[in-house]
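*Asks:* below are the sequence and a predicted model for it; my questions follow.
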Amino acid sequence: MAHLSRASSAKTHITDVLDTYLKDVEQPGNEAFLTEVGSDGEDEKFEDKADSFDLEPVNLVLESEGDDSDTKSQTEELSRCSSSDYETDLETDFEPEPKLEDLNGTELYVKLCEQLGVVPLSCVKSNMQKTHFHMPHRGIGSKGVQALAPPISRSTCARYIDLTNNMIGSDGCSHLSLIVNSNMFITDLNLSYNQLGSRGMTVLCLPIRDSSSLVNVDLSNNEFEDKDAPLLSEIIENNISLRSLNLSKNMFCIEAGKVLGTAIANNDTLEVLDLSWNALRLEGAQAFAKGIAGLFKIKIDKA
């Protein structure tokens with residue numbers, strides 16, 4: 001009986017659905033559909049449709065709920081990745097390079113050598129933290145001194161700078177002037193045998209003249225001529241810290257003897273002036289001797 005009751009109820013439900021559907025179909029414009037559907041097959045057709053109406057919407061809702069949950073979990077996972085691992089990788093891979101002013105002397109020298117295409121000298125690295133920066137006969141050249149100048153100008157250790165015979169030339173004098181202008185701890189500067197010439201003397205004159213720390217300066221064998229004597233006289237007359245100046249083995253003649261003699265007469269602090277191996281001749285020597293007349297403190301070496 002129970003089975004019959006459920007079957008009767010299902011049939012009643014199907015009949016109701018069929019009636020509703022027929023009412024909708026009978027609306028104006030649906031007459032063609034009514035003529036195609038026969039009365040004998042109506043129950044079977046719409047019974048199948050009624051069954052599908054009851055089941056399919058439920059399945060669709062369930063699938064939709066499952067998709068939402070999967071999408072939500074994937075979104076949460078992506079959010080966790082983007083907020084942790086991804087940002088950390090970016091920070092690690094793109095660390096900014098340190099600025100030149102933040103590097104120590106050796107690091108700065110190596111970095112500048114790379115930029116200038118110069119091979120760094122290992123002896124420079126070992127001398128960078130010493131008071132005696134002893135670098136003679138190394139063939140540094142103008143580009144090499146360009147890489148050396150910034151770290152030496154910042155050094156608080158260097159007191160004695162020896163760059164003897166390094167082929168610096170006049171092109172490197174602008175970098176040497178940076179050292180003299182910037183570093184107030186250097187007391188001894190040896191630039192002998194570097195072919196600085198007249199153009200180099202023009203660049204170095206003011207920095208050496210205005211230095212308040214230099215005590216001993218060696219400019220021997222740098223191809224200075226008579227026309228460079230007025231620049232050197234500026235140094236002699238105005239630098240009161242200088243005690244020793246070596247101008248030997250240059251190309252000074254009579255006129256240089258006269259100019260330097262006048263300059264030395266106006267200086268009472270210089271103790272040693274080396275003019276050996278210059279062609280002052282008799283006239284130049286006499287003019288120079290007049291300049292030092294009455295000065296007993298200075299020691300003169302001339303030839």
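*Replies:* Thanks, I have it.

*Asks:* distance-wise, check residue 144 relative to residue 199.
*Replies:* 19 Å (Cβ to Cβ, to the nearest Å). For every residue, glycine as well, the C-beta is placed using N, CA and C.

*Asks:* just the pLDDT for the spatially closest residue to residue 238 that is not a sequence neighbour.
*Replies:* What sits nearest to residue 238 in space, not counting adjacent residues and going by Cβ to Cβ, 6 or more residues apart in numbering, is residue 209, at 5.2 Å. Looking at residue 209, its pLDDT reads 96.

*Asks:* what mean pLDDT does the helix or strand containing residue 286 get?
*Replies:* According to DSSP states H and E, residue 286 maps onto helix 281-291. On average, the pLDDT along helix 281-291 is 89.

*Asks:* so which elements touch that helix?
*Replies:* With contacts taken as 3 or more Cβ pairs under 8 Å, 6 or more residues apart in numbering; DSSP states H and E, helix 281-291 sits against helix 254-265, strand 299-302.

*Asks:* send over it as CSV, restricted to the C-alpha atoms.
*Replies:* What follows is helix 281-291, C-alpha atoms only, in CSV (Å, rounded to 0.1, in the frame of the first residue of the first chain):
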residue,chain,number,x,y,z
ARG,A,281,125.9,79.3,-14.4
LEU,A,282,128.0,82.1,-12.8
GLU,A,283,125.5,84.8,-13.3
GLY,A,284,122.6,82.8,-12.0
ALA,A,285,124.6,81.7,-9.0
GLN,A,286,125.6,85.3,-8.2
ALA,A,287,122.0,86.5,-8.4
PHE,A,288,120.9,83.7,-6.1
ALA,A,289,123.7,84.4,-3.6
LYS,A,290,122.4,88.0,-3.3
GLY,A,291,119.0,86.7,-2.4
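
*Asks:* where among the helices and strands packed on helix 281-291 is average confidence lowest?
*Replies:* Note on the helices and strands packed on helix 281-291: lowest mean pLDDT is at strand 299-302, with a mean of 59.

*Asks:* check the secondary structure at residue 274 for me.
*Replies:* Three-state call for residue 274 (DSSP: H, G, I helix; E, B strand; the rest coil): strand.
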